[in-house]
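Enquirer: Pasting the sequence and the predicted coordinates here, then a few questions.
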Amino acid sequence: MCKVLGVQRFYRTKAVVFEIETASGHPVYMKAALTPYMNDKRAVVLVDAAKFLALWRADPFRSNADIAFQAPATWPHNYKYPEAAAGFARGAAAPVPLALVSCLVGEGRVVHRERHLLFLTRVCHVETVRVPYVGFTNGITRTIWLLATVRAPSRSRWTALKPPCCTSTQAPARHHRPSTGW
């Protein structure tokens, strides 16, 4: 569960603060700060964590694939993971910044095969398809910490929502088109 707590001041900056409930029931806090850069072009989009992970893994350029394709049980062994845990442990007094992501569409290939002889197959044709995916500008370690923490231990998929930040032109498309995976 994710809820907006409102706008708060942190030093000289204002930020929207979010409370996200973890599987243990203890909330963590994140913020989207107003900056001198592109405030009118940024948006926060609530996403289903499992679908978000699938979009991250769909990146045709395989950026950060070494982390994205690891089993979530291995994420706590990431060398920066303790830093993320320490950041989230500070609580509501020092919310963690939202991850900054880009919602993109790339091209992928689908290879169609047909059975040839008894156990062999051969390529019939190759089709180019549009592939929606997510790329990170920053916030990978915070994201894997959050994904690992919101996962309910007895379930095979994530059920919580997490808020990444993307451009405002990308946000309506992600919000209104669930077929993109968000």
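Expert: Structure received. What you see is a predicted model, and the numbers here were worked out from it, not measured in a lab. Residues are numbered from 1 along each chain as shown.
Enquirer: Next one, pLDDT for Arg42 please.
Expert: pLDDT for Arg42: 83.
Enquirer: Counting neighbours, what do you get for it?
Expert: The tally of other residues near Arg42 (other C-beta atoms under 10 Å) stands at 19. C-betas here are computed from N, CA, C, even on glycine.
Enquirer: so it bridges to which residues?
Expert: With DSSP bridges as the criterion, Arg42 is bridged to Thr167.
Enquirer: Touching, it and Ala32? I think so.
Expert: Yes. With contact defined as C-beta atoms under 8 Å, Arg42 counts as touching Ala32 (7.4 Å).
Enquirer: Off-centre distance for the helix or strand hosting Val131?
Expert: Element membership for Val131, per DSSP states H and E: strand 120-138. Here strand 120-138 shows a centroid-to-chain-centroid distance of 20 Å under the convention C-alpha atoms, centre = their mean, to the nearest Å.
Enquirer: With stretch 46-64 instead?
Expert: A distance of 6 Å separates the C-alpha centroid of stretch 46-64 from that of its chain, computed with C-alpha atoms, centre = their mean.
Enquirer: what's near enough to touch Thr137?
Expert: The contact partners of Thr137, by C-beta atoms under 8 Å, 6 or more residues apart in numbering, come to Leu100, Val101, Ser102.
Enquirer: what's around Pro95, how many residues?
Expert: Around Pro95 sit 25 other residues, with neighbours defined as other C-beta under 10 Å.
Enquirer: Dihedrals phi and psi, it?
Expert: In this entry, Pro95 is assigned phi and psi values of phi -60, psi 150 (degrees, to the nearest 10).
Enquirer: The chain: strands as residue ranges?
Expert: If DSSP state E is used as the criterion, the strands of the chain fall at 2-10, 13-21, 27-33, 42-44, 47-48, 96-97, 100-116, 120-138, 161-162, 165-167.
Enquirer: for the fourth one, packing partners?
Expert: By that I understand strand 42-44. Using 3 or more C-beta pairs under 8 Å, 6 or more residues apart in numbering; DSSP states H and E as the contact criterion, the neighbours of strand 42-44 among helices and strands are strand 165-167.
Enquirer: same thing but at 10 Å, please
Expert: strand 27-33, strand 165-167, helix 171-176 (3 or more C-beta pairs under 10 Å, 6 or more residues apart in numbering; DSSP states H and E).
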